[in-house]
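Colleague: I would like to see how this sequence folds:
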Amino acid sequence: MFDAEANVRDDPRYREGLGHMQAARWSKAIECFLLLTRDFPDSALAQHALGEAQFKADLDSRTSVRPVTVSSGVARKWVMRVALVLVLAVVVWQGLPLVTNRLVPAIRTMQLTREVNDLLAAGNKALEAKALDAAEEHYSGILARVGNYPLGEGQANPFARQVSVAEDGLQQIAFQREIAALYEQGLLLQEQGNVRAALDAMRQVQARFPDYQDVAERVAEMSRAVDLEDLFTDAETKRQAGLYVEALQAYLNIRATNLSYRREMVTSRLFELYLAAGKQVMRTAAPERDVREVYAEAQTYFREALSLQPRSQEVADEQALAEAYQAAEKVYYEAQWADAVAQLGAVYDAAPDYLGGRLVEMLYDALVRRADELREAGDTYGAYALYERAAGLPASDTSLAQAGKAAIDALALPTPTRSPTAVPTATPVPTARPTGASGPAAGPTPTPTAMPLSAYRGKIVFLSDQPGQTGLWVMGPDGSGRQYLGNSQELYTQHAQLVASYRYAPSGQRAFVKNDEGGIAQIWVTAAGGERQVTRLSGLCYDPAWSPNGAQIVFVSEASGSDDIWVTYAESGEPADLTPAIGSWEKHPSWSPDGSRIVFWSSRAGPQQIYTMAAVVGAAASNISNTTWNEYDPVWVR
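Modeller: Numbering: from 1, shown residues only. Sure thing, here's the model as predicted:
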């Protein structure tokens with residue numbers, strides 16, 4: 001307002017108008033002042049000047065001045081007095097509306113302008129200091145005073161700028177409160193341990209207000225935590241899928257990223273995986289690999305395991321087994337067949353899959369050669385025993401052993417009291433144990449039987465921790481006729497072979513476990529020219545087994561929150577959870593020979609027990625173990 005009045009006073013038309021007023025050129029003065037009020041419609045000074053010029057022009061037009069002849073001084077005085085009174089009356093009559101209609105509103109406007117500007121300054125200061133409540137009060141006060149300011153026709157709101165700033169301030173306050181609420185939500189989620197949701201909230205804050213408090217630091221911190229969780233999930237998935245080397249590298253990445261992250265668990269996993277990787281190298285080495293190279297690689301893993309648990313007996317046993325193999329290999333290449341049979345046999349009893357089948361071939365060759373020696377020495381019965389033992393090995397070609405047996409059978413020897421030639425005592429080798437066994441390493445020796453596990457068709461073979469008789473057992477589908485088979489490595493090998501054989505459909509398709517694009521283990525099958533993913537569940541899937549007709553696959557999945565038994569059609573259809581809402585572990589499923597029922601083990605009763613159920617959703621499961629010790633890993637022989 002004051003700036004406008006100063007601009008009017010400095011305008012040449014204002015000064016020109018005043019000059020015309022002094023010279024009584026009323027029309028020219030009015031013309032100048034009209035131009036001023038057009039350009040400065042809010043100027044009280046311009047309005048006042050225009051009103052005064054119009055008043056004087058009107059007065060001049062109504063008053064005619066004629067020459068008067070005054071006869072005396074007294075008459076002249078009275079005339080002057082009357083004229084003065086008339087002039088004063090006219091001035092009062094014209095000036096009162098000017099004061100009432102123009103001057104008073106102008107003064108009020110100036111006062112209101114000062115109040116609004118003070119509120120605006122206070123609101124801006126409070127907003128800058130993040131005092132949102134105080135800023136809101138000041139901005140709202142502006143709108144309450146001049147938000148609906150009364151205007152004349154065609155008149156602009158003199159407080160439009162202040163109103164606009166106040167409205168913008170209120171919007172900024174609402175925005176900052178929304179950001180603050182989202183930030184507090186992120187903090188609460190982080191405190192509750194829901195880091196992913198907390199990170200999402202903080203990222204929303206950062207996207208809308210990058211410089212808000214410490215949001216950038218919190219996003220970085222939470223991102224690292226989520227990345228670690230993803231690394232851990234990937235490592236666990238690979239570990240559970242038996243990808244020990246890959247899982248080991250994933251855990252090493254976790255340790256390199258954050259040494260304190262789940263430190264005890266990561267250290268335990270690293271030990272477990274170093275040991276498993278070393279064992280895997282020694283058991284799955286390709287025949288073409290140099291044994292020294294394989295041994296060096298395995299020993300590297302074993303040394304790393306010992307660095308984490310220096311007193312581990314498991315690692316010591318594996319190292320002893322590797323040394324025993326090296327000693328056995330030495331006498332084999334020296335053609336010391338008796339010692340080779342003893343030492344290679346001891347290693348085979350502990351780990352029949354050692355060095356990817358190379359051990360089996362060497363042991364078979366040593367047995368045949370030693371049998372040939374005994375036969376030539378006249379120990380026919382000792383030779384026959386070794387030929388028979390060699391023929392029973394899973395070697396690639398057992399024709400020599402079979403021929404040796406046949407040659408001795410053709411002699412039609414009388415049946416003697418068996419006292420075969422003693423085989424040299426084997427170098428002691430640590431006894432291997434099956435995964436999951438919790439009983440002693442060896443139980444009482446059962447009555448020897450020549451029946452392989454595959455001969456128990458229609459029955460269920462399983463592992464048991466029964467005190468004093470830990471190992472392989474067999475029973476009927478209803479739990480009757482329990483029979484202890486033994487605790488030998490050969491039986492464990494046969495059990496593993498049965499499980500592996502059920503990964504194959506009658507058509508030859510193989511079911512296996514492989515991570516999907518999201519890094520979650522799922523069930524896949526071999527297909528023409530490649531592989532095909534069968535399951536797409538949210539949790540890990542494993543332990544697949546084909547139905548006898550090749551139409552369905554039963555498997556285990558964590559998709560429902562716990563390990564449950566699921567079934568799906570191999571070609572199409574949605575997987576179905578056969579054991580939902582149990583809240584326990586159900587694992588290692590296998591089909592009955594007719595495909596109508598499924599056997600599995602469950603922890604629902606406390607200890608692990610063997611159950612059977614119909615292969616349909618909602619079927620009741622029956623406990624056929626009913627023991628107080630663990631029994632697990634059943635296979636329904638078909």
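Colleague: CA atoms for contacts and neighbours, from now on please.
Modeller: Fine.
Colleague: Show me which positions of stretch 541-554 end up buried.
Modeller: 541-548, 550, 552-554 (16 or more other C-alpha atoms under 10 Å).
Colleague: Now, those residues that are in strands?
Modeller: 541-546, 552-554 (DSSP state E).
Colleague: pLDDT below threshold where in the stretch 301-450 of the chain?
Modeller: Confidence mapping of the stretch 301-450 of the chain against pLDDT under 70 gives the ranges 410-450.
Colleague: and the end-to-end length of stretch 613-624?
Modeller: 10 Å (C-alpha to C-alpha, to the nearest Å).
Colleague: what about that stretch, average pLDDT?
Modeller: Regarding stretch 613-624, the rounded mean pLDDT is 93.
Colleague: Please apply the same query to stretch 25-45.
Modeller: 84.
Colleague: Of the buried residues of stretch 541-554, just say which sits nearest to Tyr244.
Modeller: Nearest to Tyr244 among the buried residues of stretch 541-554 is Tyr542, at 15.7 Å by C-alpha to C-alpha.
Colleague: right, and the closest one touches Trp524 too?
Modeller: No. Assessed by C-alpha atoms under 8 Å, Tyr542 is found out of contact with Trp524, at 9.8 Å.
Colleague: Overlap in contacts, the two.
Modeller: Residues within reach of Tyr542 and of Trp524 at once, by C-alpha atoms under 8 Å, 6 or more residues apart in numbering, are 512-513.
Colleague: Skipping its backbone neighbours, what lies nearest Gln47 in space?
Modeller: If the residues on either side of it in the chain are set aside, Gln47 comes closest to Thr37, at 6.2 Å by C-alpha to C-alpha, 6 or more residues apart in numbering.
Colleague: that's a helix at the one you found, yeah?
Modeller: Yes. With the criterion set as DSSP: H, G, I helix; E, B strand; the rest coil, the secondary structure at Thr37 is a helix.
Colleague: Please spell out which residues along stretch 578-592 are buried.
Modeller: Buried-residue list, stretch 578-592, by 16+ other C-alpha under 10 Å: 578-580, 584-592.
Colleague: which intervals of the stretch 101-250 of the chain have sub-threshold pLDDT?
Modeller: Ranges of the stretch 101-250 of the chain meeting pLDDT under 70: 101-106, 149-157.
Colleague: Am I right that Ile565 falls within a strand?
Modeller: Yes. Under three-state DSSP, Ile565 falls within a strand.
Colleague: Now the nearest residue to it once chain neighbours are set aside: phi and psi?
Modeller: Distances taken as C-alpha to C-alpha, 6+ apart place Val556 nearest to Ile565, at 4.8 Å, with adjacent residues excluded. Main-chain dihedrals, Val556, degrees, to the nearest 10: phi -110, psi 140.
Colleague: ok, Val556 - contacts?
Modeller: Applying C-alpha under 8 Å, 6+ apart, the residues near Val556 are 541-544, 563-566, 586-589.
Colleague: Just put those residues in a markdown table and tack on distance to Gln309.
Modeller: Listed next are the contacts of Val556 as a markdown table, based on distance: C-alpha to C-alpha, whole Å:
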| residue | distance to Gln309 |
| --- | --- |
| Cys541 | 31 |
| Tyr542 | 30 |
| Asp543 | 31 |
| Pro544 | 34 |
| Asp563 | 30 |
| Asp564 | 34 |
| Ile565 | 36 |
| Trp566 | 38 |
| Glu586 | 32 |
| Lys587 | 30 |
| His588 | 31 |
| Pro589 | 35 |
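Colleague: give me the number of residues near Phe555?
Modeller: Residues contacting Phe555 under the criterion other C-alpha atoms under 10 Å number 26.
Colleague: okay but it is in contact with Pro544, surely?
Modeller: Yes. Applying C-alpha under 8 Å as the test, Phe555 and Pro544 come out as touching, 4.3 Å apart.
Colleague: one step back: and the two most separated of the buried residues of stretch 578-592?
Modeller: Within the buried residues of stretch 578-592, two members stand farthest from each other by C-alpha to C-alpha: Ser584 and Ser592, at 23.0 Å.
Colleague: just to revisit the earlier point, now, which of the ones in strands among the buried residues of stretch 541-554 sits nearest Ala350?
Modeller: Closest to Ala350 out of those is Asp543 (25.0 Å), distances taken as C-alpha to C-alpha.
Colleague: Chain neighbours aside, what residue packs nearest to the closest one?
Modeller: Phe555 (5.1 Å).
Colleague: If I look at the one you found, what pLDDT would I see?
Modeller: 96.
Colleague: check contacts around Pro477.
Modeller: Pro477 makes contact with 458-460, 612, 624 under the criterion C-alpha under 8 Å, 6+ apart.
Colleague: And these, which two are furthest apart?
Modeller: Greatest spatial distance among the contacts of Pro477 (C-alpha to C-alpha): Gly458 and Ile624, at 14.8 Å.
Colleague: So which residues of the stretch 351-500 of the chain form strands?
Modeller: Taking DSSP state E, counting those that start in this stretch, the strands of the stretch 351-500 of the chain run over residues 460-464, 471-475, 483-486.
Colleague: And the shortest one, what's buried?
Modeller: The neighbour-count check on strand 483-486 (16+ other C-alpha under 10 Å) flags 484-486 as buried.
Colleague: Surely Ala576 touches Ala615?
Modeller: No. Under the criterion of C-alpha under 8 Å, Ala576 makes no contact with Ala615, lying 10.5 Å away.
Colleague: Which one of those two is surrounded by more residues?
Modeller: Taking neighbours as other C-alpha under 10 Å, Ala576 and Ala615 compare with Ala615 leading, 19 against 15.
Colleague: Can you tell me the closest non-neighbouring residue to that one?
Modeller: Of all residues not flanking Ala615 in the chain, Arg597 sits nearest, at 4.9 Å (C-alpha to C-alpha, 6+ apart).
Colleague: what are the bridge partners for that neighbour, then?
Modeller: Beta-bridge partners of Arg597, counted by DSSP bridges, are Ala614.
Colleague: List the residues that contact it.
Modeller: 591, 612-615.
Colleague: now Gln319
Modeller: 299, 302.
Colleague: Please identify the buried residues of the helix or strand hosting it?
Modeller: Under the criterion of DSSP states H and E, Gln319 resides in helix 313-333. Neighbour-count burial for helix 313-333, counted by 16+ other C-alpha under 10 Å, picks out 315-316, 318-319, 321-322, 324-329, 331-332.
Colleague: Could you dump those into TSV with distance to Leu491 added?
Modeller: As requested, those are exported to TSV (distance: C-alpha to C-alpha, whole Å):
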residue	distance to Leu491
Val315	24
Ala316	24
Glu318	21
Gln319	24
Leu321	20
Ala322	22
Ala324	22
Tyr325	21
Gln326	25
Ala327	26
Ala328	23
Glu329	25
Val331	28
Tyr332	26
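Colleague: Out of those, flag the one nearest to Gln22.
Modeller: Val315 (119.1 Å).
Colleague: Let's check: the centremost residue of the chain is which one?
Modeller: The residue lying closest to the centre of the chain (C-alpha atoms, centre = their mean) is Asp230, at 5.1 Å.
Colleague: For that residue, give its distance to Ala220.
Modeller: Using C-alpha to C-alpha, Asp230 is found at 15 Å from Ala220.
Colleague: quick revisit: pull the most distant pair out of the buried residues of stretch 541-554.
Modeller: Most distant of those, by C-alpha to C-alpha, are Cys541 and Pro548, 20.5 Å apart.
Colleague: So Met451 versus Gln22, what's the distance?
Modeller: 139 Å.
Colleague: same thing with Glu264?
Modeller: Glu264 sits 102 Å away from Gln22, taking C-alpha to C-alpha as the criterion.
Colleague: partners of the residue nearest to Ile565 in the sheet?
Modeller: Tyr542, Ile565.
Colleague: What about the closest residue to Leu472 other than its chain neighbours, how many residues nearby?
Modeller: Of all residues not flanking Leu472 in the chain, Leu463 sits nearest, at 4.8 Å (C-alpha to C-alpha, 6+ apart). Using other C-alpha under 10 Å, Leu463 is surrounded by 26 other residues.
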